[in-house]
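>>> sequence and computational prediction follow.
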Amino acid sequence: MPPPGLARRGQLQYRVPGSNITVFLDTISVFMEDIIVLYEKVIVLGDINIHLGTGAPSERLWLSWLEEHCLEQFVNVPTHTAGNILDHVAATSSLTAVDSAWSAFLFVIEKALDQVIPKRTKWFTSHNCPYFDDELKFQKRQKRKCERAFRKTKSSDSLLSFTLATDEYYRLLLVKKGEYISSTISSTCKKLKSKALASLLGENHRCLPKTHGSAKELANCFNSFFLAKVKKLVESIPTSDFPTYFLSPTSQLDSFMTISSETLLHYVNQVSNSSCPKEPMPRFKTASLHFCDSLLSLINMTVRSARFPEILKIGFVVPLIKKPSLDPENLNNYRPVTNLLFLSKVLELVLFEQLKTYLEVNSFYGKFQSAYCRRHSTETALTRISNDLLGYLDSGFSPLYVGLDLSAAFDSIDHHLLLRVLEMRLGVRSDALKMLES
């Protein structure tokens, strides 16, 4: 949607024949980056002195530029006496305007962040070992203190102190490590000694099977396994229709509301840093103030469109072994963990907070539900169960507690039934339901 009071905007650019195509594309990219975010429909047309159909470098650069900005060239017949296409009419591609705007925004953000905050690989050492206690930490601080003093003074006394502190640190390190290994082996039963020894030697740290030839083959194998597992589980669950005994809701949620820049910045800082490896986020957090206005326009445009962007449905799936002691060659011992796009989680949080507020205000949460409820947790759930069991015992009854653990619970949800419950029981209708359905 265009800004209030502004229905359309025109921009005239002229490219001199023979001029540098790269300079021209950089020039028009400056205003295109703003236009494609603020306007749902964008059209680029005219004679820009680039012949299509020749295979020239200028043609490849132009078509690449159109693709980067989610524009589609609609003239596909010759318009020049030489048999080439000279007239250009490019517009928002067959993707929705929201999808095009998100694609352009992600491209621009990545390009800008690579210049301002480039990616750098940094290696660090973790001391996540059970024998690295407070005594070792203190001795290491003493060693570093002596080292700094030696680097500053370069005296023989400081060198002697640094040498003695270093020797004492590594002596204590070997003692602590030896005590830990001895206590671990001695306290383990005979049947588990081999596994304990393998763990101490680091042999169980292998988290992926090695029986596959390449990384691509392994990824396809995991993908096929997880899909087959979920499909088999879903097929084993009997289908059920929407229950007819639900009463009509007294309240309705017809659409999600747009948000302010203050709310957006709060959500950006609230979202975790985990994201897809190839995504420019979460470096976005560092420079969020500079991109806030464009991102706010995008999110509010998405909320008004009632459709979740396709480009934000990308995830990076990592198979994690459930326990270090399990066989890494058995795919059943892995669980898939998906890292979503950073901005996908921001948009999801915008919708989630509004939906949660609606459910809380209208008391739609179950009376005994502890999951995803404010001020509730597994601790409060166990407290309630324990209290009920003790109450029944004091009353002379014999209570029976049944615990149910569902395998791949979220993957086996019937989406059609869930949407029906949202609509008929919880009153989520119209654009709000369309957004959740997408």
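All right, it came through fine.
>>> only C-alpha atoms, please: export the longest strand along the chain in CSV.
Determined from DSSP state E, the single longest strand within the chain is strand 43-52. Only the C-alpha atoms of strand 43-52 are listed here, as CSV (Å, rounded to 0.1, in the frame of the first residue of the first chain):
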residue,chain,number,x,y,z
ILE,A,43,6.5,-1.1,-13.2
VAL,A,44,9.8,-0.4,-15.0
LEU,A,45,9.4,0.5,-18.7
GLY,A,46,11.0,2.3,-21.6
ASP,A,47,14.0,2.1,-23.9
ILE,A,48,17.1,1.8,-21.7
ASN,A,49,19.5,1.0,-24.7
ILE,A,50,20.0,-2.7,-23.6
HIS,A,51,19.3,-5.3,-26.3
LEU,A,52,17.8,-8.5,-25.1
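>>> show me the contact partners of the very next helix or strand once past that strand.
Sequence-wise, the next helix or strand downstream of strand 43-52 (DSSP states H and E) is helix 57-68. The contact list for helix 57-68 (CB atoms under 8 Å, 6 or more residues apart in numbering) reads 21-22, 25, 29, 44, 48, 50-53, 72-73, 90, 104, 107. The C-beta positions use only the backbone N, C-alpha and C, and glycine is treated the same way.
>>> would you list the buried entries among those?
For the contacts of helix 57-68, a burial check counting by 16 or more other CB atoms under 10 Å picks out 21, 25, 29, 44, 48, 50-52, 73, 90, 104, 107.
>>> possible to save the residues you listed as TSV with pLDDT and distance to Met257?
Listed next are the buried ones among the contacts of helix 57-68 as TSV, based on pLDDT from 0 to 100; distance: CB to CB, whole Å:
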residue	pLDDT	distance to Met257
Ile21	77	44
Leu25	78	38
Ser29	73	33
Val44	77	33
Ile48	74	42
Ile50	79	44
His51	78	49
Leu52	80	45
Gln73	75	38
Ala90	76	34
Ala104	73	25
Phe107	73	28
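>>> which one of those residues sits closest to Tyr334?
Comparing the buried ones among the contacts of helix 57-68 against Tyr334 with CB to CB places Phe107 closest, at 33.8 Å.
>>> and the closest one, how far from Pro130?
Distance of Phe107 to Pro130, given as CB to CB, to the nearest Å: 46 Å.
>>> what do you get for Ser156?
Separation of Ser156 from Pro130 (CB to CB): 38 Å.
>>> counting by contacts, list what the longest strand of the chain packs against.
helix 57-68, strand 85-92 (3 or more CB pairs under 8 Å, 6 or more residues apart in numbering; DSSP states H and E).
>>> what's in contact with it?
13, 15-18, 21, 24, 58-59, 62-63, 66, 71, 73, 80, 82, 84-92.
>>> just the buried residues of the residues you listed.
Buried subset of these (neighbour count, 16+ other CB under 10 Å): 15, 21, 24, 58-59, 62, 66, 71, 73, 85-86, 88, 90-92.
>>> give the buried residues for stretch 305-317.
305-309, 311-312.
>>> cool, stretch 134-151 as well?
For stretch 134-151, by 16+ other CB under 10 Å, it's 136, 139-140, 142-143, 146-147, 149-150.
>>> what is the mean pLDDT for stretch 151-171?
Taken as a whole, stretch 151-171 has an average pLDDT of 89.
>>> list the buried residues of it.
Result for stretch 151-171 [16+ other CB under 10 Å]: buried residues 158, 161-162, 165-166, 169.
>>> for that stretch, the distance to its chain's centre please.
47 Å (CA atoms, centre = their mean, to the nearest Å).
>>> can I have it written out in CSV, keeping just the CAs?
Presented in CSV, the C-alpha positions along stretch 151-171 are these (Å, rounded to 0.1, in the frame of the first residue of the first chain):
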residue,chain,number,x,y,z
ARG,A,151,54.7,-8.4,28.7
LYS,A,152,54.5,-5.0,30.4
THR,A,153,57.8,-5.0,32.3
LYS,A,154,60.0,-7.6,30.4
SER,A,155,61.9,-8.2,33.7
SER,A,156,63.5,-11.4,34.8
ASP,A,157,61.4,-11.5,38.0
SER,A,158,58.1,-11.3,36.1
LEU,A,159,59.4,-13.9,33.6
LEU,A,160,60.1,-16.3,36.6
SER,A,161,56.7,-15.6,38.1
PHE,A,162,55.0,-16.3,34.7
THR,A,163,56.9,-19.5,34.2
LEU,A,164,56.1,-20.8,37.7
ALA,A,165,52.4,-19.9,37.4
THR,A,166,52.2,-21.6,34.0
ASP,A,167,53.8,-24.8,35.3
GLU,A,168,51.5,-24.8,38.3
TYR,A,169,48.4,-24.4,36.1
TYR,A,170,49.2,-27.3,33.8
ARG,A,171,50.3,-29.5,36.7
